[in-house]
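Trainee: Sharing a sequence plus its predicted fold:
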Amino acid sequence: MYMYALFSVIVLVLSFYLFKKAAGTMSLLRLNIVSFIFYVQLFILTFIGINLSLFGVYHYRISLASKQSLFSSYFAVCYVMLIMPSSMILAQKLLFRGEIKKKLHNYLGSRLRPLQSEGDNALVLYCVVLSVIAFFATIYTFSQIKELPMVAVLVDKVDPVSFNRLRIEASKEFSGNIYIRNLFSLFLGPFVSYIAYAYNFLYKSLRYKLWFYFTAIVALMALLSTGEKALPIEYLITIFIIKSTIKGKSSVKDLIKIVVLTLGLILGFYVLITGRLDVSINSGPLGRLLMGQVAALPLTFDIFPRIHPFLNGGSFPAWLSSMLGVEHARSARLLMEIFSPLYIKAGAAGVMNTLFIAEAWANFGFIGLLLAPVIVGVIVQFVYNQLISLPKTPVFLAVIGYFIFGFPITGGFVDFLWNPVWLFMVAIILLGIYISSLSFRKSFRRGRLKNYGHFSLSTSN
């Protein structure tokens, strides 16, 4: 085991170095999309847990996996920790060009500004309309949920199993239109709030402050409607990182505040739902963070293909799976059906999400295992490079904010290949830019005609 401990340290140090090359900085005071992926999604939620399991720390789910699958998971995680940032560095050099450190330095040092000096009012009005749409979509979402999980906890004092059942009913068994909920409430609510926050920072006036408060309430309502405890915490962290990006860096004091607030909310939600405080490393909220998120990875290696054949693309949406001639199935859901059938029967089980490499293996076997970190690395670096190459405007800052948690690193590989939310986000941004450009052109024509008349009058004299 000493050899594994030494190997883990070497992998962690090399991975940190490679991610630093890919991100431009790993400073905690200058958190960005890439460094956040390393610190949270890979190190905290994945690397620590798989090492603890390898060294014998018990976890009730990981204990169900075979030793062989546990070792396979360990080396798969190490492979991702090294190959993903290596792919990002190569993609930056060969495909995207430019030194990422310099780009990031210039971006963080730039000032927040409107997209265009003329036409920005039209863009603001467009974003206000989006926030109103998000509000009504959230009201609609609430109207379609029989009993809100968080309200049930506060009023009815439901037990954890009942809470999970209500959470599944609110999210997976939603009776209304899922596109209104997923796109116009769950996505648009927080996204337009990020825009409003940046505009409030830019103009510092009462109306922009009130607009942000309105969008923040709508966003938190939308996120709390699902019963997912992590979502409102993710929203607050995102606001913190957007503020840090606007200023160029955060202060040590602000960083400590957000860390304390995050830990406090995690513990608070846990105590509220379970009625007890558990701070052990392999259970409770700490165990959920450090070991619970990676638990499904060794279970995936156990199931595919020994018990269940590879899905061969079955995790794509049903319509796309049928085109590929395979049955639609998400590996994370299959794991839950196999390992928690009683919870499935009680309607209190969702999915077993874990590092994206699990879904890549379940669908495509060794090819998926080998290529997934490369594909994910290239996609992440492309988005990151493009965003810090754009002007620092409220809308583009909102996109940066979204991608802090928007990459499904501990979600699923297929979502990197087909993601309707990403397409929807691009569509509404392009529409906003188009509306802004139309307003700019109208303002330009009026200004040009006015200047031309002034020039004619002056020359005639």
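Mentor: Looks like it came in fine. Residues are numbered from 1 along each chain as shown.
Trainee: quick one: contacts for the residue most central in space within the chain?
Mentor: Nearest to the mean C-alpha position of the chain, counting by CA atoms, centre = their mean, stands residue 405 at 1.9 Å. Applying CB atoms under 8 Å, 6 or more residues apart in numbering to residue 405 gives the contacts 234, 237, 238. For glycine as for every other residue, the C-beta is placed from the backbone atoms N, C-alpha and C.
Trainee: Kindly recompute the last result at 7 Å.
Mentor: Applying CB atoms under 7 Å, 6 or more residues apart in numbering, we find residue 405 in contact with 234, 238.
Trainee: Spell out which helix or strand contains it, please.
Mentor: If you go by DSSP states H and E, residue 405 is part of helix 394-406.
Trainee: tell me how far whichever helix or strand comes after that helix is from the chain's mean position?
Mentor: Note on helix 394-406: by DSSP H and E, the next helix or strand toward the C-terminus is helix 414-417. Computed by CA atoms, centre = their mean, to the nearest Å, the chain-centroid distance of helix 414-417 equals 13 Å.
Trainee: in helix 414-417, what counts as buried?
Mentor: Within helix 414-417, the residues scored as buried using 16 or more other CB atoms under 10 Å are 414, 415, 416.
Trainee: As a markdown table, those with distance to residue 192 and pLDDT would be great.
Mentor: Formatted as a markdown table, the buried residues of helix 414-417 follow (distance: CB to CB, whole Å; pLDDT from 0 to 100):
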| residue | distance to residue 192 | pLDDT |
| --- | --- | --- |
| 414 | 27 | 96 |
| 415 | 22 | 95 |
| 416 | 24 | 97 |
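Trainee: nearest to residue 209, of these?
Mentor: residue 415 (35.0 Å; CB to CB).
Trainee: Now that closest one. Nearest residue, chain neighbours left out?
Mentor: Nearest in space to residue 415, with sequence neighbours left out and distances taken as CB to CB, 6 or more residues apart in numbering, is residue 408 at 4.3 Å.
Trainee: ok, that neighbour to residue 132 distance?
Mentor: 29 Å (CB to CB, to the nearest Å).
Trainee: out of the two, which sits in the busier spot?
Mentor: Of the pair residue 408 and residue 132, residue 408 is the one with more neighbours under other CB atoms under 10 Å, namely 17 against 14.
Trainee: May I have the phi/psi pair for that one?
Mentor: phi -80, psi 60 (degrees, to the nearest 10).
Trainee: Kindly report the same for the one 3 residues further on.
Mentor: The phi and psi values for residue 411, taken as degrees, to the nearest 10, are phi -130, psi -80.
Trainee: Show me what counts as buried in the helix or strand hosting residue 267.
Mentor: In the assignment (DSSP H and E), residue 267 maps to helix 252-274. Buried positions in helix 252-274, judged by neighbour count with 16+ other CB under 10 Å: 255, 258, 265, 266, 267, 269, 270, 273.
Trainee: Throw these into JSON lines and include distance to residue 125, thanks.
Mentor: Converted to JSON lines, the buried residues of helix 252-274 look like this (distance: CB to CB, whole Å):
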{"residue": "255", "distance to residue 125": "35"}
{"residue": "258", "distance to residue 125": "32"}
{"residue": "265", "distance to residue 125": "34"}
{"residue": "266", "distance to residue 125": "38"}
{"residue": "267", "distance to residue 125": "42"}
{"residue": "269", "distance to residue 125": "37"}
{"residue": "270", "distance to residue 125": "42"}
{"residue": "273", "distance to residue 125": "41"}
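Trainee: Which two of the residues you listed have the greatest separation?
Mentor: Top of the distance list for these (CB to CB): 255 and 273, 27.7 Å.
Trainee: Packing partners of whatever helix or strand residue 211 lives in?
Mentor: For residue 211, the host element (DSSP H and E) is helix 206-224. Other helices and strands packing on helix 206-224, by 3 or more CB pairs under 7 Å, 6 or more residues apart in numbering; DSSP states H and E, are helix 120-143, helix 188-203, helix 230-247.
Trainee: Just give me how far the longest one sits from the chain centre.
Mentor: Between the centre of helix 120-143 and the centre of its chain there are 21 Å (CA atoms, centre = their mean).
Trainee: for the record, mean pLDDT for that helix?
Mentor: For helix 120-143, mean pLDDT rounds to 95.
Trainee: what comes up buried for that helix?
Mentor: Under the neighbour-count criterion of 16+ other CB under 10 Å, helix 120-143 has 120, 122-124, 126-128, 130-131, 133-135, 137-138, 141-142 buried.
Trainee: Pull out the C-alpha coordinates of it and format them as CSV.
Mentor: Only the C-alpha atoms of helix 120-143 are listed here, as CSV (Å, rounded to 0.1, in the frame of the first residue of the first chain):
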residue,chain,number,x,y,z
ASP,A,120,-27.0,47.8,-24.4
ASN,A,121,-30.4,49.1,-23.2
ALA,A,122,-32.0,46.7,-25.7
LEU,A,123,-30.0,43.8,-24.3
VAL,A,124,-30.9,44.7,-20.7
LEU,A,125,-34.6,44.9,-21.7
TYR,A,126,-34.2,41.5,-23.3
CYS,A,127,-32.6,40.0,-20.2
VAL,A,128,-35.4,41.5,-18.0
VAL,A,129,-38.0,39.8,-20.2
LEU,A,130,-36.0,36.6,-19.8
SER,A,131,-36.2,37.0,-16.0
VAL,A,132,-39.9,37.5,-16.2
ILE,A,133,-40.2,34.3,-18.3
ALA,A,134,-38.1,32.5,-15.7
PHE,A,135,-40.4,33.8,-12.9
PHE,A,136,-43.6,32.5,-14.6
ALA,A,137,-41.9,29.2,-15.5
THR,A,138,-40.9,28.8,-11.8
ILE,A,139,-44.5,29.5,-10.7
TYR,A,140,-45.7,26.9,-13.2
THR,A,141,-43.2,24.4,-11.9
PHE,A,142,-44.4,25.0,-8.3
SER,A,143,-48.0,24.5,-9.4
